[in-house]
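Student: just a sequence and a predicted model for now, questions to come.
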Amino acid sequence: MEEEVQVDQNFPLFSRKTKPATRKPVPAPTSIEETPKQLDKETNSGPTPSHITFSDLGLAGWAVQTCNELGMKKPTPVQYHCIPRILSGQDVLGLAQTGSGKTAAFALPILHRLAEDPYGVSCLVVTPTRELAFQLAEQFRALGSCLNLRCAVVVGGMDMITQTKTLMQRPHVVIATPGRIKVLIEQNPDIPPVFSRTKFLVLDEADRVLDVGFEEELRAIFECLPKNRQTLLFSATMTSNLQTLLELSANKAYFYEAYEGFKTVESLKQQYIFIPKNVKDVYLQYILSKIKDIGVRSAIIFVSTCRSCQLLGLLLEELEIDAAALHSYKSQSLRLSALHKFKSGQVPILVATDVASRGLDIPTVDLVVNYDIPRYPQDYVHRVGRTARAGRGGLAVSFVTQNDVDLIHEIEAVLGKQLEKFDCKENEVLDDISKVYKAKRVASMKMMDDGFEEKAASRKAQKQKMQNERKGRNKKQKRGVTKDIEV
Ligand code: AMP
């Protein structure tokens, strides 16, 4: 018989010993200025001592061997500090830069516990984007390769009947985006009991998942998880919501912090080109034509909207530059196929919206181009963090137009450094202007023929409707999720 689900009326995020929260929720930051100051706390972000190996952290022999086989000889600091805490049963809130080995920091101890007791769903990982969900599953599968691990990915844009069937088979690890797991939990009464013995809840990219936008989803998830689970939050950026949680969780959860504000790594070269808006494509074509000469294996070009992502993808196709485009107006199968083509090296260029700015770990990415400057500096840090990972070098080039000057100054202020000027000869770049303009006209026509605008408009209307409905419901509830998360 199924164990009864223990529903906690207040949906505590961290488990056990809870008392009602009295603080008002802090709204999620809308810009960098609103990001709060850090708490005073004991610093615990030191490097891994040189003699420490994975077996010193208390992990099972098979896990240590798997790490070695995957080329992970020594724990990174986030792993050194967090793995023993997770193994000892503590809740953990970890803040560490992207590329620091966060995934293995939670996946290894979870798999260690799972190997001891492989019954039912042991772990639910919630992550903000579909691409990250698939990437996390790959990492879980690699780290648990000798365990016969059953790992399910439950994200939007995929068949719900198949997902329901998969969940009913009680995989060991479920990796989900918030929206889809909520729908499955709410639509099928057989699904909540599947999670009744979950031992771990992980919120990956927790700052984003705890964003007010996912409030309803988190409520639905907390309702079907048992109280005595362990909760692990990992994030690369500190926000007001996380800050609130920290204050509420004082002395209960272990807090690991190697977070030093919005920082980029030293091995990343950051440059800008100041150009008029109407020649951005010409400069892009020029840079992409040179990538082999400057030793770039693959590059991600970030744009601000799905529309410009689609158009730029078509333009590059017209210019016979191999590229894949990734944005949220594409079907999930097209999104996966674009990412697969890029990751497997079939195409060296990915044009993407911010759907690809967080967490994606693709070691061959040597160049990031900000075709559009992001509105918030933290998005800049996430984007450029797709290159120069794990001690490697990388280059980020930002296209700055007359409209972006304030944004770029804001980014420089946050980074505490000035971007260098990208060196190129204007005459040489503009040689190809007619070819690029012609290709752009053809790409625009193709986009019209494909009916992109109509599809986009109907998607937008649908999204707006859902947002309005959600706003109505939230007004009725009049509370933020952070307030409900007791610790
Ligand atoms: P993450 O921060 O989880 O996205 O990890 C970034 C990259 O570091 C991934 O490619 C991991 O495979 C790699 N990695 C994680 N832990 C280690 C380690 N201890 N030694 C070497 N590489 C690692």
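Tutor: Now that the structure is in, tell me what you want to look at. Numbers count the residues shown, from 1 in each chain.
Student: if I look at residue 358, how far off is residue 92?
Tutor: Distance of residue 358 to residue 92, computed by CB to CB, to the nearest Å: 20 Å. Placement of C-beta: from N, CA and C, glycine included.
Student: please apply the same query to residue 394.
Tutor: Residue 394 is 29 Å from residue 92, by CB to CB.
Student: what of residue 322?
Tutor: The value you get for residue 322 to residue 92, if CB to CB is used, is 42 Å.
Student: more neighbours, the two?
Tutor: residue 92 (24 against 13; other CB atoms under 10 Å).
Student: can you pull the phi/psi pair for that one?
Tutor: phi -140, psi 140 (degrees, to the nearest 10).
Student: okay, and the beta partners of it?
Tutor: For residue 92, the beta-bridge partners under DSSP bridges are residue 232, residue 254.
Student: isn't it up against residue 235?
Tutor: No - with contact defined as CB atoms under 8 Å, residue 92 does not reach residue 235; the gap is 11.5 Å.
Student: up against the ligand, what does the protein have?
Tutor: 72, 74-76, 79, 99-104, 361, 390 (CB under 6 Å from any ligand atom).
Student: count the residues that sit near residue 113.
Tutor: Residue 113: 19 neighbours (other CB under 10 Å).
Student: contact partners for residue 63?
Tutor: 54, 108, 111-112, 115, 143 (CB atoms under 8 Å, 6 or more residues apart in numbering).
Student: closest to the ligand among these?
Tutor: Proximity of the contacts of residue 63 to the ligand was ranked by CB to the nearest ligand atom; the top entry is residue 54 with 7.6 Å.
Student: pretty sure the closest one sits against residue 75.
Tutor: Yes - with contacts counted by CB under 8 Å, residue 54 reaches residue 75, the gap being 5.8 Å.
Student: do you have the strands of the stretch 201-350 of the chain handy? List them.
Tutor: For the stretch 201-350 of the chain, applying DSSP state E, counting those that start in this stretch gives strands covering 230-235, 254-257, 268-274, 298-302, 323-326, 349-352.
Student: pick out the shakiest of these, pLDDT-wise.
Tutor: Mean pLDDT per stretch puts strand 254-257 lowest among the strands of the stretch 201-350 of the chain, at a mean of 88.
Student: that one packs against which elements?
Tutor: Packed against strand 254-257 by the contact rule (3 or more CB pairs under 8 Å, 6 or more residues apart in numbering; DSSP states H and E) you find helix 77-87, strand 92-95.
Student: where does the stretch 351-487 of the chain dip in pLDDT?
Tutor: 473-487 (pLDDT under 70).
Student: give me every residue that touches residue 417.
Tutor: residue 270.
Student: separation between it and the ligand?
Tutor: Relative to the ligand, residue 417 is positioned 23 Å away (CB to the nearest ligand atom, to the nearest Å).
Student: check residue 331 too.
Tutor: Distance from residue 331 to the ligand, by CB to the nearest ligand atom: 26 Å.
Student: which ones are touching that residue?
Tutor: residue 157.
Student: can you do 10 Å?
Tutor: 157-158, 337 (CB atoms under 10 Å, 6 or more residues apart in numbering).
Student: so which of those residues is the closest to the ligand?
Tutor: residue 337 (22.0 Å).
Student: any idea what sits nearest that closest one, other than its immediate chain neighbours?
Tutor: Among residues not flanking residue 337 along the chain, residue 324 sits closest, at 7.8 Å (CB to CB, 6 or more residues apart in numbering).
Student: and residue 59, by the same measure?
Tutor: residue 112 (5.4 Å).
Student: so which elements touch the helix or strand that contains the one you found?
Tutor: In the assignment (DSSP states H and E), residue 112 maps to helix 102-116. Packing partners of helix 102-116 (3 or more CB pairs under 10 Å, 6 or more residues apart in numbering; DSSP states H and E): helix 61-69, helix 77-87, strand 92-95, strand 123-126, helix 130-143, strand 173-176, strand 200-204, strand 230-235.
Student: swap in 6 Å and give it another go.
Tutor: If you count contacts as 3 or more CB pairs under 6 Å, 6 or more residues apart in numbering; DSSP states H and E, helix 102-116 packs onto helix 77-87, helix 130-143.
Student: list of residues touching that helix?
Tutor: By CB atoms under 6 Å, 6 or more residues apart in numbering, the surrounding residues in contact with helix 102-116 are 59-60, 63, 78-79, 82-83, 86-87, 96, 122-123, 139-140, 143-144, 147, 172, 200, 202, 232, 234.
Student: local confidence estimate at residue 240?
Tutor: pLDDT recorded at residue 240 is 83.
Student: meant to ask about residue 227
Tutor: Residue 227 is assigned 89 on the pLDDT scale.
Student: before we move on, the earlier item: tell me the mean pLDDT for the helix holding residue 112?
Tutor: Rounded mean pLDDT across helix 102-116 is 96.
Student: in it, which residues are buried?
Tutor: Buried positions in helix 102-116, judged by neighbour count with 16 or more other CB atoms under 10 Å: 102-115.
Student: again with stretch 413-423
Tutor: 414-415, 419, 422.
Student: can you put these in TSV and add secondary structure?
Tutor: Output for these, formatted as TSV (DSSP: H, G, I helix; E, B strand; the rest coil):
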residue	secondary structure
414	helix
415	helix
419	coil
422	coil
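Student: closest to the ligand among these?
Tutor: Nearest member of the buried residues of stretch 413-423 to the ligand, counting by CB to the nearest ligand atom, is residue 415, at 20.0 Å.
Student: excluding chain neighbours, what is closest to that closest one?
Tutor: Leaving aside its sequence neighbours, residue 415 sits nearest to residue 264 (CB to CB, 6+ apart; 6.1 Å).
Student: kind regards, and thank you for your time.
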